Every structure is written in C-alpha cells, then in structure tokens.
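From the sequence below, what's the structure:
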Amino acid sequence: MEVFINCNTGTLAPYTTPLDELRAAHLYRRLGFSASVETINQAVGQSATALVDSLVDQALAAPPIPAPEWAEWTNANYPEDDDLARQLRRAQREELSTAYGNGLLDNNLRDRLSFFWHNHFVTEIDVYDCNSFLYEYVNCLQRNALGNFKTFVSEMGLTSAMLRYLDGAFNNKNRPNENYARELYELFTLGEAQGYTEEDIIEASRALTGYVNRGDVGCTKITFDPEQFDTDAKTIMGQTGNWGYDDVIDILFNERAQLIAYFICKKLYLYFVHPDAIAAEAQPILNGLATTMVANNFEIAPVLRQLFKSEHFFDETAIGTIIKSPYDLYLGMIKETGFGYDDGTIVNVVDAATLIGQELWDPVDVAGWQRDRQWISTHFIIGRWLSAEVFLERFFQADTQQFRALGIAAAGPNGATINDPDVVARAIIDKFTPKGLLTDADYAIAISVFREPYEDNNIYETGSWNMMLEDTPTQVFLLLRHLTREPEFQLK
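Numbering: from 1, shown residues only. Here you go, the predicted model:
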C-alpha cells in the first residue's frame, strides 16, 4: 500500500458542481459508514451544500441511546454470585454495544462523530469496569458530538469513566494526581508540548482536586468532596486565583483559543479528509477551520458544515486516501450491499473488529488507535480478508437473492436485462472501491472471477446472459469475495 501524499489544492470555498456518483459515495463514506446504491444514486445531482446541511441537521437532532434500566446501577444491584454477576455485566455490555452498533449504521454523521470522539476522549472499560459509567460516557459522546467543544471537554472530564480512568477520582488536596491535567492539555485540547508548561499541569491538577467521593470503589458515581479540594491560590497560564474545575476550563479556552481550535480542526481533518495534514496545501484549510471554530465560540457544527461543503473536501485527490478501520470494513459492507442484518450481525461485527485491532470501548491506550496504516499491518491484513469473507458467506447463506438484487441495482436502471457480464462486473467493482481498481489487468482478473460460473458454456457468446439467470447471485458473491482482498477495497 502506498503512502499517500496530500496534493489537495482545493480551498474552503463551497463546492458548487452538482454531485456526481464518485463524490456522493465519497461524502457518505466519510460522513457515515457509507450508504446503499439507492441512497448514493439519490444524492447524484444534488448540491453539496443542501445535502451536507441535511446530514448535519439530522445529526444534531438525533437522540442519544435511551438509558437502559441498569444506567444507574452500582455493585449492589448485581447478584452476589460472582459468576452470575459477570454474566449479567457481559449481557449489559453486549446490549449497549448492539444499540450503539445500530446507531453507527443508522445515524450517519452523529455516530460517525461520536465514534471519532471515543478515540479522542479515550477511556478503557477494562480499567474502570463499570457498565453504568460506560453508559454515561457513551451518552456524553453522543450528546456533544456536534455541540460545543468547550462544553464537551467540561462534561467529559466529570464523567465517572474519565475520573476513574485518568485518576481524577484519586486527586485530593494532600496528594494531587497530575494524570488528567496532563492529558487535558496534551491529548484533549492543545497537543503535546503546545501552549502549556509542566508548572501549568501541576497547578491545574491542584485546581482539579476534590472529585473523590467513590463510594464502593467498583461502581458508584463519583462526586465532589469539598473537604478534599485544594483551596490555596494556583497560577495557571499566567492567571492566579483560587481556581477550581470550571476555572481550569475557562482559563484554558480563554488563553489558548486559537491553539485549541487548530489542534481539534487538525484531528478532524486527519479523520475526515486526508491522513496528511502537514502538507503546505492543508495549512490554509486548518487555519480557516480554526478561525471558524473560534468565531463560533467552539461550536463544532459550523466547522463541519464549512469543511464538508468545501472544494477541498470534494477534491479528487482526497477520495480513497484513508484506510478503512475494522468498523469501516464491516459496517461499510453492510451499508453498501444493503444486505439484511439483525442484532446478531452487529454482535458479530463487534467481535470481529476486536480480533483485528479495534475493540469497542477499549482503545489500546490513552492516545487511542493510531489508525490508517496500523489497520493493515501484517498482523491484521489476513484477518481482514478472512473475516470479510465470513460475513459475505453468512449473507449468502441467509438469502442468495439479495446478491442478485445488489448486482441489478449496481448496474443501473437496466441492470436486470444487460447481457454483457463485463458491464455489470465493472459497475459492482466501482460501487465498492472509491476510485475503481488501479489497472486494466486488475479489472480483467476481477471480471474473470465474476464470469467463472458460466465460462463452461457459450452463454456469453450468444448474448443470452443476464442477471436473472440461476447462478448470477453466485457471480456477485464470488466477485465481492475477490474484491475484499484487493488493496483498493481497503480504502475509503
């Protein structure tokens, strides 16, 4: 796989050309986990401005996952028998993961973003090991995904999951703990060694003391104990006072607004546009987005509207430059094929993604998954191929006719009657790869796989082949299975 160099020279000016199929698919692959043939076809000819506004508005209006009955549970709510308690906890996590997986498929930009923030405001369920903490964390991600970033930072820092994960729950006036203050600056708002000093970390950690009411350490919501708060004066980023939690956030956003905005816009750019944000071509874009964020008092939605409507986002050099995460791989396949799925399929997605390096609610460390080339290491690439084949085989066993329907839909309005298999095969290939395959030889190999079930008779030569024949579902299945191993299929 080549290393992508950012040659995108597009600006933040609105993209005004009606969307073609290439760019409509690009929009849905980036703003959600792709879309069906029908959805992409409906987007063709629309204006980017109208479609992006619609997707952002939908994301803003999407409700979070309803609170499950165990959302406020503590250890006292679980059976005394350890085995039964473990089974119940496991079932609850599967319930929430399934609901969230369905949200990733259904909510386009809202949960694409909540998933992004999950890898920004990282916590690890293995560390805090509490399902009610997990629900509170997920709820915070969803409610704030397109909201105000300052509010998001403030609310996230007081979730019990984060207080436990980064030791805020052990940060008291007699023994300040610097973990959260350090990551607040380094990972969540400013970037490593940008705009803060070690002394700022020490002083901020003192201002963050007091959130230590832990109850039974396992699973009781963490609250503030004023007796454990350091009431002495602190000096943070040049400002001196008896600062507390809210003051730390206010000082940070008042004194370092442009740095914060640039840092966050760069992360959004890397995730949504291109894995190279260092290129000179990207700097005016990042500066423009950061200016928009500051001008809108750290509201996230205006920044996204500007970016996703821009010539820069739709520049052809941005298409097909990001390597699919495990969740992109599986959920994208479900969305693009339009195949039937149920909650069991979502459970399989969560399990399969874990096997190839992306365990939901449990990133590798506080810095999160590093994405892109990490996903296709020699350790994981074969697992990607084999697991994608397993999903296709399950879909085929469940309903072969949905493969026929996919082939017909991909080929266009006359898909059922086209008598040239090469035309149908190319249409399918181009639906499942951002820019098609690299060479004519690659197309020839893929088309030969599609043709194979009928190669032993003269049905192609007589022009009597079409998608209504008995074995055409198998042809589509074989072609999709072949594509899952192609380098272009790994991209979005």
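
any idea how far Val449 is from Glu470?
Counting by Cβ to Cβ, to the nearest Å, the separation of Val449 from Glu470 is 18 Å. Where C-beta positions appear, they are placed from N, C-alpha and C, glycine not excepted.

Neighbour count: those two, which is higher?
Val449 (16 against 10; other Cβ atoms under 10 Å).

Contact partners for that one?
Leu478, Leu479, His482 (Cβ atoms under 8 Å, 6 or more residues apart in numbering).

Most neighbours of all those residues, which one?
Neighbour counts for the contacts of Val449 peak at Leu479, which has 24 neighbours (criterion: other Cβ under 10 Å).

Am I right that that residue is in contact with Phe450?
Yes: counting by Cβ atoms under 8 Å, Phe450 is a contact partner of Leu479 at 4.3 Å.

Can you check which residues contact both of the two?
Ala425, Ile428.

For the stretch 201-350 of the chain, just list every one of the helices.
Remark: helices assigned in the stretch 201-350 of the chain by DSSP state H, counting those that start in this stretch are 245-255, 257-272, 283-295, 300-308, 311-314, 326-337, 343-355.

next one: the last one to chain centre, how far?
Put plainly, it is helix 343-355. In terms of Cα atoms, centre = their mean, to the nearest Å, the centre of helix 343-355 is found 16 Å from the chain centre.

can you give me the mean pLDDT across that helix?
Here helix 343-355 scores 98 as its mean pLDDT.

counting residues per helix, which one in this structure is longest?
If you go by DSSP state H, the chain has its longest helix at helix 82-106.

Give me the buried positions along that helix.
Across helix 82-106, burial judged by 16 or more other Cβ atoms under 10 Å covers 88-89, 92-93, 95-105.

and which of these is nearest Ile5?
Leu104 (30.3 Å; Cβ to Cβ).

element containing the residue lying closest to that closest one once chain neighbours are set aside?
Leaving aside its chain neighbours, Leu104 sits nearest to Asp111 (4.8 Å; criterion: Cβ to Cβ, 6 or more residues apart in numbering). Assessed by DSSP states H and E, Asp111 sits inside helix 109-118.

Next one: Ala405 from Ser205, what distance?
59 Å.

and what of Asn296?
30 Å.

cool, and Arg394?
50 Å.

try Ile334
According to Cβ to Cβ, Ile334 and Ser205 sit 44 Å apart.

Also Phe395?
For Phe395 relative to Ser205 (Cβ to Cβ), the value is 51 Å.

what do you get for Lys221?
Distance from Lys221 to Ser205, by Cβ to Cβ: 22 Å.

Next: Gln42.
52 Å.

Give me the more crowded residue out of the two.
Set Gln42 next to Ser205 and count neighbours by other Cβ under 10 Å: Ser205 wins out with 23 against 13.

In contact with the more buried one, which residues are there?
Ser205 neighbours (Cβ under 8 Å, 6+ apart): Asn171, Pro176, Asn177, Glu178, Tyr180, Ala181, Arg182.

chain center to the helix or strand encompassing the fifth one, what's the gap?
In other words, Tyr180. According to DSSP H and E, Tyr180 maps onto helix 179-183. Offset of helix 179-183 from its chain centre (Cα atoms, centre = their mean): 24 Å.

List of residues touching that helix?
157, 162-163, 166-168, 171, 201-202, 204-205, 208, 248, 366.

of these, closest to Thr439?
Val366 (42.3 Å).

For Met1, give me the pLDDT.
41.

And for Asn119?
For Asn119, pLDDT reads 98.

same thing with Gly215?
pLDDT, Gly215: 82.

Just give the closest residue to it, not the sequence neighbours.
Here the residue nearest Gly215, using Cβ to Cβ, 6+ apart, is Thr74, at 7.0 Å.

Who are the contact partners of the one you found?
Taking Cβ under 8 Å, 6+ apart as the test, what Thr74 contacts is Ser132, Gly215, Asp216, Gly218, Cys219, Thr220, Lys221.

Ala411 too?
Ile418, Val423, Val424, Ala427, Ile428, Met467.

among those residues, which two are most distant?
Ile418 and Ile428 (11.8 Å).

In terms of neighbours, single out the busier of the two.
Ile428 (24 against 18).
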